[in-house]
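Q: got a structure for you, letters missing:
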């Protein structure tokens, strides 16, 4: 695609429910990153994919968070049993390969009520 | 010590002036350096990247890298009110992965 696409743009969910956030990277980009940005804060690294593999999952805040990538393309970030502190904007970025310029999607704003 | 450090600002400059934004990083093995601009409520937008020591110019923007001092900066010449945003410095660690680590950003305000 022309750019990184994320869906949904906004998600409001009740505490305790599971949510899935989707990222469709730029076509041909093998590297994919997930970040979280709370209001007024910087970008918190969550996970990095190279192809379908995740060599670095160190940023996932708890075992309620998981991510997968299939076909070297679309990635899904799943948050189980959501908590209010999970409320944030979740940003996805992709790059041609690791270590070079990365481009962001528009983000998914998650609100847990 | 944070891996990537930036002064949070705000940095206030008059229109037409040069804005100088600074960033230091802790991992001496870092090899790729990026500057992103983020307007309020929007996602980060890549504006510059630099891989080698020295200066890299693109229009009104110049990125400067000094690996010995672990320092990267962004100069914005002829600053415009539309440049008012938060500027994020990002660094690629070089280990088993290519984790892209961001600073917390510097807020720039260009006064008309």
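A: Cool, the structure landed. If you're wondering where the values come from, they're calculated on a predicted model, not measured in any experiment.

Q: How about the contacts made by residue B:26?
A: B:1-5, B:70 (C-beta atoms under 8 Å, 6 or more residues apart in numbering or on different chains). Using the backbone N, CA and C atoms, a C-beta is placed for each residue, glycine as well.

Q: Need the max-distance pair from those residues.
A: B:2 and B:70 (12.5 Å; C-beta to C-beta).

Q: Beta-bridge partners for residue A:67, please?
A: For residue A:67, the beta-bridge assignment (DSSP bridges) gives partners residue A:77.

Q: Would you confirm that it contacts residue A:47?
A: Yes - in this structure, residue A:67 is within contact of residue A:47 by C-beta atoms under 8 Å, at 5.0 Å.

Q: list residues touching both of those two?
A: Joint contacts of residue A:67 and residue A:47 (C-beta under 8 Å, 6+ apart) are A:34, A:54, A:57, A:60, A:77.

Q: low-confidence ranges in chain B?
A: The model of chain B has pLDDT under 70 over residues B:1, B:94-97.

Q: Which residue ranges of it form helices?
A: Taking DSSP state H as the criterion, chain B carries no helices.

Q: Taking it, what residue is nearest to chain A?
A: At 3.0 Å from chain A, residue B:98 is the closest residue in chain B, using C-beta to the nearest C-beta.

Q: In what element of secondary structure is the residue nearest the centre of chain A found?
A: When C-alpha atoms, centre = their mean is applied to chain A, the residue found nearest the centroid is residue A:34 (3.6 Å). Element membership for residue A:34 (DSSP states H and E) is strand A:31-37.

Q: Name the residues that touch that strand?
A: Contacts of strand A:31-37 (C-beta under 8 Å, 6+ apart): A:23, A:25, A:43-50, A:61, A:67, A:69, A:75, A:77, A:88-98, A:100, A:102, A:107, B:98, B:100, B:102.

Q: how many other residues sit next to the residue in chain A that chain B sits nearest to?
A: Nearest residue of chain A to chain B: residue A:98, at 3.0 Å (C-beta to the nearest C-beta). Using other C-beta atoms under 10 Å in any protein chain shown, residue A:98 has 22 other residues around it.

Q: quick one: contacts for it?
A: Contacts of residue A:98 by C-beta under 8 Å, 6+ apart are A:30-31, A:48, A:50, B:92, B:97-98.

Q: how about 10 Å then?
A: Contacts for residue A:98 (C-beta atoms under 10 Å, 6 or more residues apart in numbering or on different chains) come out as A:30-33, A:48-50, A:55-56, B:32, B:92, B:94, B:97-100.
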